[in-house]
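A.B. asks: The following comprises the amino acid sequence and a computationally predicted model.
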Amino acid sequence: MPRFLILLAFGLLFLAAPAARADDGQVTRIEPTLRQGRLLLDADIDFTLSEELHDAALKGVPLYFTVDLVVEHPRWWWFDETLLSLSQTWRIQYNALTRQWRVGTSDLSLPATSLDEALDLVRHIRDWPLGDADRFTPDQTYQGRLRLRLDTSRLARPFQVDALNSAAWTLTTPWKDFTFSISAATPRG
């Protein structure tokens with residue numbers, strides 16, 4: 001009987017998971033560009049925060065959003081070759097003393113006037129450097145995929161427990177596939 005209850009609980013978890021992720025958002029636009037011999041990426045992501053995440057952010061809990069990118073070269077004779085596997089994380093936090101929002105990525109931290117303005121920097125990625133164009137063969141087709149997720153592993157331990165127990169703390173867009181190629185006629189220097 002206990003085994004049956006455990007299997008029933010796991011079954012209910014798997015059935016409830018897609019419903020919890022239905023409003024997570026989506027990647028709406030991905031545009032790789034070549035500029036001065038470097039491959040850059042622009043992307044637009046449409047998502048909204050749950051009420052629980054919004055309230056936590058207003059109370060000063062830092063939220064970490066991570067964008068994952070994978071670029072592969074398809075091969076018919078073997079597994080696809082992974083050329084890039086990158087992640088970038090933004091930290092959004094409200095300081096109640098200064099009444100100011102801060103958006104940080106690695107060592108850079110920028111002020112924002114509101115939570116929506118802070119989230120716009122995550123929603124509209126511009127000029128993300130992916131590497132030198134020399135890594136890519138001209139006129140070859142490359143496949144990529146991109147997603148955004150709320151990185152709960154970077155939260156303080158008490159909030160990680162809340163994130164495990166609440167669907168409101170899960171935000172992950174589905175992977176968005178795209179293809180691109182670098183033209184041999186495009187100047188690289």
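C.D. replies: Sure, I can see it. As the structure is a computational prediction, the values presented were derived from the model and not from experiment.

A.B. asks: Now Asp80, what are its backbone angles?
C.D. replies: The phi/psi pair for Asp80 (degrees, to the nearest 10) reads phi -60, psi 140.

A.B. asks: If you drop the residues flanking it in sequence, what lies closest to it?
C.D. replies: Glu72 (4.2 Å; Cβ to Cβ, 6 or more residues apart in numbering). To be clear about C-beta, it is placed using only N, CA and C from the backbone, and glycine gets the same treatment.

A.B. asks: Now do the helices in this structure.
C.D. replies: For the chain, the helices defined by DSSP state H occupy 2-20, 51-58, 115-123, 157-165.

A.B. asks: which outside residues touch the shortest one?
C.D. replies: Right, the one you point to is helix 51-58. For helix 51-58, the surrounding residues in contact (Cβ atoms under 8 Å, 6 or more residues apart in numbering) are Leu49, Leu63, Ile92, Gln93, Tyr94, Leu115, Leu150, Phe159, Ser166, Ala168, Trp169, Leu171.

A.B. asks: let's see 7 Å
C.D. replies: For helix 51-58, the surrounding residues in contact (Cβ atoms under 7 Å, 6 or more residues apart in numbering) are Leu63, Ile92, Tyr94, Leu115, Ser166, Ala168, Trp169.

A.B. asks: Next, the buried residues of that helix.
C.D. replies: If you call a residue buried by 16 or more other Cβ atoms under 10 Å, then helix 51-58 has these buried ones: Leu53, Ala56, Ala57.

A.B. asks: Tell me the one among the residues you listed nearest to Val103.
C.D. replies: The closest of these to Val103 turns out to be Ala57 (Cβ to Cβ; 11.6 Å).

A.B. asks: For Val122, see how far away the closest one is.
C.D. replies: Ala57 sits at a distance of 12 Å from Val122 (criterion: Cβ to Cβ, to the nearest Å).

A.B. asks: cool, Val70 as well?
C.D. replies: Distance of Val70 to Val122, given as Cβ to Cβ: 19 Å.

A.B. asks: May I ask you to name the longest strand in the protein?
C.D. replies: When the chain is parsed with DSSP state E, its longest strand is strand 81-95.

A.B. asks: And the contacts of that strand?
C.D. replies: 57-58, 60, 62-73, 75, 101-105, 118-119, 121-122, 128, 130-131, 135, 142, 151.

A.B. asks: That strand to helix 115-123, inter-axis angle?
C.D. replies: Angle, strand 81-95 to helix 115-123, by axes from the mean of the first three to the mean of the last three Cα atoms, to 10 degrees: 170 degrees.

A.B. asks: Would you mark the buried spots in strand 81-95?
C.D. replies: Within strand 81-95, the residues that count as buried by 16+ other Cβ under 10 Å are Leu83, Leu84, Gln88, Thr89, Trp90, Arg91, Ile92, Gln93, Tyr94.

A.B. asks: Perfect, I'm done here.
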